[in-house]
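Peer 1: whatever this is, show me its structure:
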Amino acid sequence: MVKRLLLLTSSIILLTTACGRFRQINYEELTGKVREILEVPTFEQVYRDIIYYGEEKKLLAIKVVDKRLLFSVDVVVKAGIDFTEGLEVLPGDNADSVTLVLPHAKILLIDADEASIHQYFVKNRGGDITLLDYYNEIDRTKERIRQDALNRGILFKAEENAVKLLRKFFGFAGFTDVEFEFKESGAAP
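Peer 2: From the prediction side, this is the model:
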């Protein structure tokens, strides 16, 4: 990811400095260079979730299956800008200004860190608890975690950080005035 951002910065600098003030900047090429990044995760939250799983089956009032599991896991939520959903770099009022038309931030990833799984309690009677049982329970919690991240403003923070990041990149390229316009995801600019 860092390599992509460095490539973007150097490409923007080379494009704008090679064009000079006497040549016209190729905004389509500049847009293409930024789009090569594909997506920029600009905000991350890590949730530590405690998950309980229980399954019980009886046959004629006798427990034949009694599985219980209590574990914790770290779930990472990343949000940012997906440039594949639209991006346009437009000339501003003067040679030192530019307008970026971007899609709104969205959640790019919700993923559990398997190495962080910590088992507190397990009871196996009548069948083993498999990794699939763990993964199924983790998947069930992802929607709740997603909603919590949205309620806590992850998309706002991701857009705020994206604006700061892109303003610096285009500032390195010689643009002193960088304006932003956000469009709905999937809308072609």
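Peer 1: which helix of the chain spans the most residues?
Peer 2: helix 131-151 (DSSP state H).
Peer 1: show me what counts as buried in whichever helix or strand comes after that helix.
Peer 2: For helix 131-151, the succeeding helix or strand toward the C-terminus, using DSSP states H and E, is helix 154-172. Of the residues in helix 154-172, those with enough neighbours to count as buried (16 or more other Cβ atoms under 10 Å) are 154-155, 157-159, 161-163, 166-167, 169-170. Where C-beta positions appear, they are placed from N, C-alpha and C, glycine not excepted.
Peer 1: closest to Lys106 out of those residues?
Peer 2: Lowest distance from Lys106 to those (Cβ to Cβ) belongs to Leu155, with 6.8 Å.
Peer 1: my guess is that closest one contacts Ile107, does it?
Peer 2: Yes - the criterion here is Cβ atoms under 8 Å, and Leu155 meets it with Ile107 at 7.5 Å.
Peer 1: need the overlap of contacts for those two.
Peer 2: Shared contacts of Leu155 and Ile107, defined by Cβ atoms under 8 Å, 6 or more residues apart in numbering, are found at Ala79.
Peer 1: name the residues linked to the nearest residue to Arg167 once chain neighbours are set aside by a beta bridge.
Peer 2: Distances taken as Cβ to Cβ, 6 or more residues apart in numbering place Val178 nearest to Arg167, at 4.7 Å, with adjacent residues excluded. Beta-bridge partners of Val178, counted by DSSP bridges, are Val98.
Peer 1: then Lys63?
Peer 2: Lys58.
Peer 1: what about it, distance to Leu70?
Peer 2: Shown here: Lys63 relative to Leu70, a distance of 19 Å by Cβ to Cβ, to the nearest Å.
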